[in-house]
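In: here are the coordinates; sequence isn't available:
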């Protein structure tokens, strides 16, 4: 007798993708958020909000707070609110071309993430990654939590475009991410229609 059961469903893996918050997102910290997912597995997911810069905190300020010497080669980059988890911890989402001597997580062929101090030292001296987004804190989901939020239409997913993540103006990233999917923000409503 042969076993004709169907194979188990393929596990969802959004590593290296963008989450685009739908209008009406219950958590105001994620309103109009675009989140880059660094890791997604059965154990959960983690990523960074890439379109919410912090108020009045720049790379140079952060380096000064960490007693890292600012040089003329230090770029003037904003620091982003990466998410509500460990908001005192810093992360750098960057292009794949840079690798820390200590530890870098390769996300895919376009993106990597480093959370060790040496990347900030390199950035202070102008030797860091060509494209970088600094984040304090991260967005995290426990096992099955992100899948549940996707099932409740809390998020749309899209491919992560390096230009959108690293160079688009922060206030434009949400609409630009929607446009990648062929969706206008005006088409979305936070209220469900009822017949």
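Out: Cool, got the structure. As the structure is a computational prediction, the values presented were derived from the model and not from experiment.
In: so what's residue 25 up against?
Out: Contact partners of residue 25, counting by CB atoms under 8 Å, 6 or more residues apart in numbering, are 31, 33, 154. (Each C-beta comes from the backbone N, C-alpha and C, glycine too.)
In: please enumerate the helices of the chain.
Out: 59-65, 117-124, 145-151, 162-166, 173-180 (DSSP state H).
In: pLDDT weak spots in the chain?
Out: 1-11, 189-195 (pLDDT under 70).
In: rerun at 80
Out: 1-12, 24-26, 185-195 (pLDDT under 80).
In: neighbours around residue 141, how many?
Out: 19 (other CB atoms under 10 Å).
In: give me the neighbour count for the residue nearest to it when sequence neighbours are not counted.
Out: Once flanking residues are discounted, residue 141 sits nearest to residue 45: 4.5 Å by CB to CB, 6 or more residues apart in numbering. Residue 45 has 24 neighbouring residues, counting by other CB under 10 Å.
In: wait, isn't residue 45 in contact with residue 36?
Out: No: at 11.1 Å, residue 45 does not count as touching residue 36 under the criterion of CB atoms under 8 Å.
In: list residues touching both of the two?
Out: Listed contacts common to residue 45 and residue 36 are nil; contacts here mean CB under 8 Å, 6+ apart.
In: thinking again about what came up before, reformat the helices of the chain as a markdown table; add distance to residue 110 and mean neighbour count.
Out: Formatted as a markdown table, the helices of the chain follow (distance: least, CB to CB, whole Å; neighbours: other CB atoms under 10 Å):
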| stretch | distance to residue 110 | mean neighbour count |
| --- | --- | --- |
| helix 59-65 | 22 | 16 |
| helix 117-124 | 17 | 19 |
| helix 145-151 | 21 | 16 |
| helix 162-166 | 5 | 17 |
| helix 173-180 | 15 | 19 |
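In: among these, which comes closest to residue 138?
Out: Closest of the helices of the chain to residue 138 is helix 145-151, at 13.1 Å (criterion: CB to CB).
In: show me what the closest one is packed against.
Out: strand 44-49, strand 155-159 (3 or more CB pairs under 8 Å, 6 or more residues apart in numbering; DSSP states H and E).
In: measure the residue nearest to residue 141 to residue 145 for me?
Out: 8 Å (CB to CB, to the nearest Å).
In: kindly report the same for residue 55.
Out: For residue 55, the distance to residue 145 - CB to CB - is 29 Å.
In: about what we covered before: most packed of the helices and strands packed on helix 145-151?
Out: Of the helices and strands packed on helix 145-151, the one with the most neighbours on average (mean count of other CB atoms under 10 Å) is strand 44-49, at a mean of 25.
In: would you list the strands that that strand pairs with, along with their directions?
Out: Using DSSP bridges, strand 44-49 pairs in its sheet with strand 34-41 (antiparallel), strand 132-141 (antiparallel).
In: looking at these, which is closest to residue 126?
Out: strand 132-141 (11.8 Å).
In: just checking, residue 42 touches residue 143?
Out: Yes: with contact defined as CB under 8 Å, residue 42 reaches residue 143; the gap is 6.2 Å.
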